[in-house]
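Enquirer: below are the sequence and a predicted model for it; my questions follow.
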Amino acid sequence: MLLLSIHLATNYAAVRAVSMRSLNRQRANIVLSHMIQHEKALGPIEVSKRERIFERDGILRWTDGQVVGYGRIGVKLQTLLEHLAPSHEKTRSVRLEAVELSELVKLYKDESYILWFDVSTSEAFIVLKQGSTPNTQLKAWTQALLVAWRAKKAIKQPLASRESGAESPSADTLSELHLTLRQICETFEEYAERLRTAGWDLDIAALETRSGTRTVIKIPNLSQSPK
């Protein structure tokens, strides 16, 4: 038992001593949430001291340790569509409103990804387009983290301070995606430069834990019903 305890203790110390320069999901959560909250880029050594040995894959955690949601990156477009609208219980066919889907595609027409956030499950679904890079994947994860954090804050607000009955949940989500994408587009390049200066290698694709799917989206006329 003594030798086993020493073995486990030394292994734990060895793992804690490792300081990686790539941004996996947990490290991305730490550095990005701290950057958004405090406008400061943490370095690899600082982040290694905050890393958890065991962390649930895909969790979106804020800088204070609070779990704000869950993220899935590199998912199939069908997975996103299933959460964008309810499916038939027997046939599993998805019923979509053309305007809603077209708005989402239109919003991300200049990006290498499409993001949808399911408020009911606090899950972010990221579809990667063909040609996406580690840098754009990090940008998508940044927006997912920001959307989840804002959604968590909105839930904690008193009922009297929330707007009710004005828009559908989907419309609210689209509004949040518009707002957060604009914020990320305005700040991400500066964030990325600060992270590189702090010692992070943003060219390593470490956000996908398994081989993901790349999607090519071609919709000639967004006013038509999608197929």
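Expert: It's in.
Enquirer: so in the chain, which helix runs the longest?
Expert: Counting by DSSP state H, the longest helix found in the chain is helix 169-198.
Enquirer: least confident secondary structure element in the protein?
Expert: Every helix and strand of the chain was ranked by mean pLDDT, DSSP states H and E. The lowest is helix 2-17, at a mean of 72.
Enquirer: show me what secondary structure element comes after that one.
Expert: Downstream of helix 2-17, the first helix or strand assigned by DSSP states H and E is helix 25-38.
Enquirer: that following helix packs against which elements?
Expert: Applying 3 or more CB pairs under 8 Å, 6 or more residues apart in numbering; DSSP states H and E, one finds that helix 25-38 contacts helix 44-50, strand 59-61, helix 134-156, helix 169-198. C-betas here are computed from N, CA, C, even on glycine.
Enquirer: kindly export the third one (C-alpha atoms) in CSV.
Expert: As requested, the backbone C-alpha atoms of helix 134-156 are provided in CSV (Å, rounded to 0.1, in the frame of the first residue of the first chain):
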residue,chain,number,x,y,z
PRO,A,134,-7.4,25.4,-35.8
ASN,A,135,-7.7,29.2,-35.5
THR,A,136,-11.3,29.3,-36.7
GLN,A,137,-12.1,26.3,-34.5
LEU,A,138,-10.8,28.2,-31.5
LYS,A,139,-13.0,31.2,-32.6
ALA,A,140,-16.1,28.9,-32.7
TRP,A,141,-15.3,27.6,-29.2
THR,A,142,-14.9,31.1,-28.0
GLN,A,143,-18.3,32.1,-29.2
ALA,A,144,-19.8,28.9,-27.8
LEU,A,145,-18.3,29.6,-24.4
LEU,A,146,-19.6,33.2,-24.5
VAL,A,147,-23.1,32.3,-25.5
ALA,A,148,-23.3,29.6,-22.8
TRP,A,149,-22.1,32.1,-20.1
ARG,A,150,-24.6,34.7,-21.2
ALA,A,151,-27.4,32.1,-21.2
LYS,A,152,-26.4,31.0,-17.7
LYS,A,153,-26.5,34.6,-16.5
ALA,A,154,-29.9,35.2,-18.1
ILE,A,155,-31.4,32.2,-16.2
LYS,A,156,-30.2,33.6,-12.9
